[in-house]
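**Student:** Quick one, what's the 3D model for this:
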Amino acid sequence: MALAMTYAGAAGRTASEMAEVLHLDRADLQPLNFGQPEQARRTINEWVAQQTRKKILDLVPSGLLSPDPRHNAHLAMCAVSS
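**Tutor:** Numbering: from 1, shown residues only. Predicted structure coming up:
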């Protein structure tokens, strides 16, 4: 996740090399308000459904996200490590 975030801020040759090594594509970044966890969840799930041609419809289940950023950071770190 940290490398993907670094890639999002990279440009030029650095971005090209990171994309090749990490097999990443540029994606538009959209700010999410995790203070409204259900809206954030819907936004994530809609994006995932679109990117997977509706093969994945409910990646983030209801009640998983929290307004507490520490909780969401922990979830993201667990997802990356599994």
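
**Student:** Please tell me how far residue 75 sits from residue 44.
**Tutor:** To residue 44, residue 75 is 11 Å away according to Cβ to Cβ, to the nearest Å. (Each C-beta comes from the backbone N, C-alpha and C, glycine too.)

**Student:** Three-state assignment for the spatially most central residue of the chain, please.
**Tutor:** Taking Cα atoms, centre = their mean, the centroid of the chain lies closest to residue 44, which sits 7.6 Å from it. Assigned state for residue 44: helix (three-state reduction, DSSP: H, G, I helix; E, B strand; the rest coil).

**Student:** So the protein: which segments form each domain?
**Tutor:** As recorded under automatic domain parsing, the domains making up the chain are 1-30, 32-82.

**Student:** which stretch in these has the least confidence?
**Tutor:** Note on those: lowest mean pLDDT is at domain 1-30, with a mean of 79.

**Student:** If you count neighbours, what's buried in that one?
**Tutor:** Across domain 1-30, burial judged by 16 or more other Cβ atoms under 10 Å covers 7, 10, 15, 18.

**Student:** Over to stretch 69-77?
**Tutor:** Quick answer for stretch 69-77 (16+ other Cβ under 10 Å): residue 72.

**Student:** Not including adjacent chain positions, what is the nearest residue to residue 30?
**Tutor:** In space, and not counting its chain neighbours, residue 30 is closest to residue 43: 7.1 Å by Cβ to Cβ, 6 or more residues apart in numbering.
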